[in-house]
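Asks: I'd like to go over a predicted model; first the sequence, then the structure.
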Amino acid sequence: MNICIVGAGYVGITTAAVLSELGHIVYCTDRIASKIARLNKGEIPIYEPGLEELVARGIQNGTLFFDTEVRAHMAACPIVMIAVGTPPRRDGSADMSYLDSVVADLAASIKSHTIVIVKSTVPPGQSDWIESRLHEAGVPEQWVDVVSNPEFLREGTALQDSIHPDRIVIGAKREQASRVVKEMYRSIESEYVLTERIDAEMIKYVSNAFLAIKISFINEIARVCEAFGADVTTVAKGVGLDQRIGPRFLQAGLGYGGSCLPKDINALSYVAGTKGVKLKMLHAARTINRTQLDVYLHKLKQALDGNDQPTIAVWGATFKENTDDTRFSQAIAFMKKLVRQGWKVKAYDPLVSPPIRGVSWSQHPYEAIVGADALVLATGWDELIHADWASVSEQMKGNVVLDGRNLLDSTLLEAAGLRYVGVGRS
Ligand SMILES: NC(=O)c1ccc[n+]([C@@H]2O[C@H](COP(=O)([O-])OP(=O)(O)OC[C@H]3O[C@@H](n4cnc5c(N)ncnc54)[C@H](O)[C@@H]3O)[C@@H](O)[C@H]2O)c1
Ligand SMILES: O=c1ccn([C@@H]2O[C@H](COP(=O)(O)OP(=O)(O)O[C@H]3O[C@H](CO)[C@@H](O)[C@H](O)[C@H]3O)[C@@H](O)[C@H]2O)c(=O)[nH]1
């Protein structure tokens, strides 16, 4: 099949590489010429393990192309997949302006039957809206099928998630379109959910909402565990063994961030509100996530024992490990909170060093801790979790290590003379 993908971001590039690997001819398009130029040289503008190799293979095999000629490929391909961003607006709603301009391009380009796959995360009803916009713009009804096919990949494990997805959701009006999209994924073994478009759109939002609630729930439980001297990691393990609950997404810590969970729960709350439905659980999840940073700040202040001009080293800036994405990162939000206390903040991340007022960046983790009164682990990068704690202890001025991801081995740290501080751990 010839497939045009619009939007060369985390989802667009990953999906393009995977579909080309499945034997399709894929044209991955984007408006940003510099991005496309880099991709054509085999350079990946994002960090995603394994992606560079897969993209190189697609280019070499002649099955994967990157181009800025969005409309030309839309006109030539029977399948067009939309993978542009749907970022949050100030009021919480999803910004549909990128998607709007794709629809305008589609209206000007479609010349024969085209399946338009909506891969971007969009509010319920958006596929219907795209379809009516195309019809209003003069695209005959029989020329277009809009199919909702939401994406569930996670950054950092995007390839694994795309090649072995838990499920592939396909929401279509006509069975024929559904069948073509299923055929497109042919050799991917997965549970296929063939459904109405509105259900497919809801499945995406509800999945992210549930994940956010699960994380906030364990973070709230961490507070009560701490009050009683219980250990939230042990509690989560015991609870997660119940198959009805499951062990994943029960890792307590600084809270969730990223380009998806925060924005999607806001967008779901917003659209629910337009129908008069108040989503109280989502409201609570958001509040817990925000106040989680205060819980950690309080712990740090207690551990600093009256030192009101400390130097704090922060390890990790991305919203989670194995990505270069800093969108809505709790690590960065925490750094800003520390700066607002008037404290000196030195930071290190294996991949990024975004400019943040009051934060100085180090090239090496051990450089960041020199003279620090406390160290905060804010992102669970492997190289940071498995640091040389004896060396850390030597270089720091103080001895406090605040584990913002509950991932460190307190015994090892204490053996090195450090003072381990976690949240919800006895
Ligand atoms: N990042 C993830 O892990 C992830 C996972 C699942 C779903 N999603 C959803 O997928 C969508 C894309 O997310 P992303 O993180 O890949 O976004 P991104 O910001 O990384 O990339 C989007 C790309 O679209 C391009 N673009 C915007 N308007 C365009 C236009 N009119 N024509 C051509 N290109 C255009 C931008 O230049 C950019 O390169 C969002 O709706 C997101 O919610 C993201
Ligand atoms: O037990 C956990 C699990 C995750 N997190 C945090 O939650 C955030 C989100 O993590 P994750 O969901 O793994 O990352 P994303 O790449 O944002 O993926 C989510 O968002 C994507 C975009 O919609 C979806 O496709 C994925 O299914 C969904 O997991 C990160 O800050 C994590 O550190 C925790 O604090 N505790």
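Replies: That came in fine, so what should we check first? Residues are numbered from 1 along each chain as shown. Ligands and ions are numbered 1, 2, ... in the order given.
Asks: switch to C-alpha atoms for all contacts and neighbour counts from now on
Replies: OK.
Asks: Give me the domain ranges for this structure.
Replies: 2-195, 205-285, 292-421 (the TED database).
Asks: wait, doesn't residue 168 sit right on residue 188?
Replies: No. Using C-alpha atoms under 8 Å, residue 168 is not in contact with residue 188, being 9.2 Å away.
Asks: neighbour count winner among these two?
Replies: residue 168 (22 against 17; other C-alpha atoms under 10 Å).
Asks: Can you tell me the closest non-neighbouring residue to that one?
Replies: residue 192 (4.9 Å; C-alpha to C-alpha, 6 or more residues apart in numbering).
Asks: Quick check: the one you found is in a helix.
Replies: No. Counting by DSSP: H, G, I helix; E, B strand; the rest coil, residue 192 is located in no helix; its state is strand.
Asks: Within range of ligand 1, give me the residues from the stretch 101-250 of the chain.
Replies: 101-102, 120-121, 151-155 (C-alpha under 6 Å from any ligand atom).
Asks: Turn the buried ones among these into a named ChimeraX selection, would you?
Replies: To isolate the buried ones among those in ChimeraX, judged by 16 or more other C-alpha atoms under 10 Å, type:
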select :102,120,121,151,152,153,154,155
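Asks: Now, the residues of the stretch 101-250 of the chain next to ligand 1 that are in helices?
Replies: Among these, DSSP state H puts 101-102 in helices.
Asks: okay, the residues of the stretch 101-250 of the chain next to ligand 1 in CSV with distance to residue 212 and pLDDT next?
Replies: CSV is the format used below for those (distance: C-alpha to C-alpha, whole Å; pLDDT from 0 to 100):
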residue, distance to residue 212, pLDDT
101, 30, 98
102, 30, 98
120, 19, 98
121, 16, 98
151, 17, 98
152, 14, 98
153, 15, 98
154, 14, 97
155, 16, 96
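Asks: Out of the residues of the stretch 101-250 of the chain next to ligand 1, which are close to ligand 2?
Replies: 151-155.
Asks: Are there helices or strands packed against the host helix or strand of residue 183, and which ones?
Replies: Assigned by DSSP states H and E, residue 183 falls within helix 175-184. Contact here means 3 or more C-alpha pairs under 8 Å, 6 or more residues apart in numbering; DSSP states H and E; on that basis helix 175-184 packs against strand 144-148, strand 167-171.
Asks: would you put the C-alpha positions of it in CSV?
Replies: Presented in CSV, the C-alpha positions along helix 175-184 are these (Å, rounded to 0.1, in the frame of the first residue of the first chain):
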residue,chain,number,x,y,z
GLU,A,175,-16.7,-2.0,7.1
GLN,A,176,-14.6,-1.9,3.9
ALA,A,177,-12.5,1.0,5.2
SER,A,178,-12.0,-0.8,8.5
ARG,A,179,-10.9,-3.9,6.6
VAL,A,180,-8.3,-1.9,4.6
VAL,A,181,-6.8,-0.4,7.7
LYS,A,182,-6.7,-3.8,9.4
GLU,A,183,-4.9,-5.2,6.3
MET,A,184,-2.4,-2.3,6.5
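Asks: May I see the buried residues of it?
Replies: Under 16+ other C-alpha under 10 Å, the buried positions of helix 175-184 are 177-178, 181-182, 184.
Asks: circling back: could you identify the most distant pair in the ones next to ligand 2 among the residues of the stretch 101-250 of the chain next to ligand 1?
Replies: 151 and 155 (11.5 Å; C-alpha to C-alpha).
Asks: ranges for the strands of this protein?
Replies: Taking DSSP state E, the strands of the chain run over residues 2-6, 25-29, 64-67, 79-82, 114-118, 144-148, 167-171, 191-195, 311-315, 344-348, 359-361, 374-377, 400-403, 419-421.
Asks: Go through the top helix by length along the chain and flag the buried ones.
Replies: In the chain, taking DSSP H as the definition, the longest helix is helix 197-228. Neighbour-count burial for helix 197-228 flags 197-202, 204-205, 208-223, 225-226 (criterion: 16+ other C-alpha under 10 Å).
Asks: what's the answer for stretch 294-312, then?
Replies: 296-297, 300, 303-304, 310-312.
Asks: Which one of the residues you listed is nearest to ligand 1?
Replies: residue 296 (26.4 Å; C-alpha to the nearest ligand atom).
Asks: which ones are touching the closest one?
Replies: Going by C-alpha atoms under 8 Å, 6 or more residues apart in numbering, residue 296 touches 254, 404, 423.
Asks: Name whatever forms a beta bridge with residue 344.
Replies: residue 311 (DSSP bridges).
Asks: what about it, how many residues close to it?
Replies: Residue 344, neighbours per other C-alpha under 10 Å, totals 19.
Asks: returning to that earlier point: I'd like the ones next to ligand 2 among the residues of the stretch 101-250 of the chain next to ligand 1 as a markdown table, with distance to residue 48 appended.
Replies: Output for these, formatted as a markdown table (distance: C-alpha to C-alpha, whole Å):
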| residue | distance to residue 48 |
| --- | --- |
| 151 | 16 |
| 152 | 15 |
| 153 | 12 |
| 154 | 10 |
| 155 | 7 |
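Asks: surely residue 3 meets residue 77?
Replies: Yes. When contacts are counted by C-alpha under 8 Å, residue 3 is listed as touching residue 77 (5.6 Å).
Asks: Quick check: chain neighbours aside, which residue is closest to residue 173?
Replies: Closest to residue 173 by C-alpha to C-alpha, 6+ apart is residue 196, at 6.5 Å.
Asks: can I assume that neighbour is in contact with residue 175?
Replies: No. Applying C-alpha under 8 Å, one finds residue 196 not in contact with residue 175, separated by 10.1 Å.
Asks: what residues does the chain put near ligand 2?
Replies: 151-155, 208, 215, 248-253, 255-261, 319-320.
Asks: Show the contacting residues for the nearest residue to residue 422 once chain neighbours are set aside.
Replies: Closest residue to residue 422 apart from its sequence neighbours, by C-alpha to C-alpha, 6+ apart: residue 403 at 5.0 Å. When contacts are counted by C-alpha under 8 Å, 6+ apart, residue 403 touches 253, 376-378, 420-423.
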